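*Asks:* Could you work out the structure for the sequence below:
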Amino acid sequence: MNGAARAERVVTSGTFNLDGETFDVDNNVWLVGDDDEVLIVDAAHDSRAVHEAVAGRYVTAIVCTHAHDDHIDAAAELSVLTGAPVLLHPDDFELWSHTHPARKPDGELSDGRVLTVAGIEIQVLHTPGHTWGSCSLYAPFLNAVFTGDTLFHGGPGATGRSYSDRPAIEASIRNRLLTLPGDTVVHTGHGQDTTIAAERPNVPAP
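*Replies:* Sure, this is the predicted structure:
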């Protein structure tokens, strides 16, 4: 392992399209690793900007927290640029096909799967609700969890659109995320970081 393992944020801008509506969005793309290799969390909008931030390091995988188009629109091109496989939970394959009809993900995320990069382990937590295949990525070594659009600064991510469910996202957060140590840093898909402890009051009790 060369240099301390860490999480680096790259902010990209583009659009989010679903159910006939389009919104301008800024996305957080996360590079998790060290000076030699990284894992990419969510390939959003601008494959060139993300590839530039990789800066020649080996990319172990492009991991999709979910398949909304603003989180995967650069995945196919970034996979070509880096040679890395794209990983997604199979419950989001249908949603993925709306953005990439001619290209399937290269591998499946599953609850409990452990990914390794730069000598550290990242645990896949299936956290459905924002979409059915939404996953969070817990990195104990970094004391951090990457939640995509499942948990934000201020509480649960959006539901009310296709492929989403409010009770499901709240249950996922309560059962899979709020049980993590309170000082765990939450790296989100949009906006600023938070902590598990800070978000506990923002998630309704069952």
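*Asks:* What are the boundaries of the strands in this structure?
*Replies:* 6-18, 21-33, 37-41, 58-63, 86-88, 107-108, 114-117, 120-126, 135-139, 144-148, 151-152, 155-156, 185-188, 194-195 (DSSP state E).
*Asks:* which residues sit against the second one?
*Replies:* The set of residues external to strand 21-33 that reach it, using CB atoms under 8 Å, 6 or more residues apart in numbering, is 5-17, 38-45, 50, 53-54, 57, 60, 70-71, 117-118, 122, 137, 139, 142, 146, 187-191. The way it works is simple: take the backbone N, C-alpha and C, and place the C-beta from them, glycine included.
*Asks:* What backbone torsions are found at the residue nearest the centre of the chain?
*Replies:* Residue closest to the average C-alpha location in the chain (CA atoms, centre = their mean): residue 65, at 3.2 Å. Dihedral pair for residue 65: phi -70, psi -30, per degrees, to the nearest 10.
*Asks:* State the distance from the closest residue to it other than its chain neighbours to residue 13.
*Replies:* Leaving aside its chain neighbours, residue 65 sits nearest to residue 148 (2.7 Å; criterion: CB to CB, 6 or more residues apart in numbering). Applying CB to CB, to the nearest Å, the value for residue 148 to residue 13 is 17 Å.
*Asks:* more crowded one of those two?
*Replies:* Counted by other CB atoms under 10 Å, residue 148 and residue 13 do not tie: residue 148 has more neighbours, with 29 against 13.
*Asks:* That one bridge partners, please.
*Replies:* residue 188 (DSSP bridges).
*Asks:* That one touches residue 128, doesn't it?
*Replies:* No. Using CB atoms under 8 Å, residue 148 is not in contact with residue 128, being 11.4 Å away.
*Asks:* Residues that sit against both of the two, list them.
*Replies:* By CB under 8 Å, 6+ apart, residue 148 and residue 128 have these common neighbours: residue 134.
*Asks:* Okay, now the unreliable bits of the protein?
*Replies:* 1-2 (pLDDT under 70).
*Asks:* Please report phi then psi for the nearest residue to residue 196 once chain neighbours are set aside.
*Replies:* Among residues not flanking residue 196 along the chain, residue 184 sits closest, at 4.5 Å (CB to CB, 6+ apart). The phi/psi pair for residue 184 (degrees, to the nearest 10) reads phi -60, psi 130.
*Asks:* hang on, isn't residue 184 packed against residue 143?
*Replies:* Yes. Using CB under 8 Å, residue 184 is in contact with residue 143, at 5.7 Å.
*Asks:* who's more crowded, these two?
*Replies:* residue 184 (20 against 13).
*Asks:* In contact with residue 138, which residues?
*Replies:* 122-123, 125, 144-146, 180, 184.
*Asks:* Report the separation between the spatially closest residue to residue 14 that is not a sequence neighbour and residue 179.
*Replies:* Excluding the flanking residues, the one nearest residue 14 by CB to CB, 6+ apart is residue 45, at 3.4 Å. Note on residue 45: its distance to residue 179, by CB to CB, is 32 Å.
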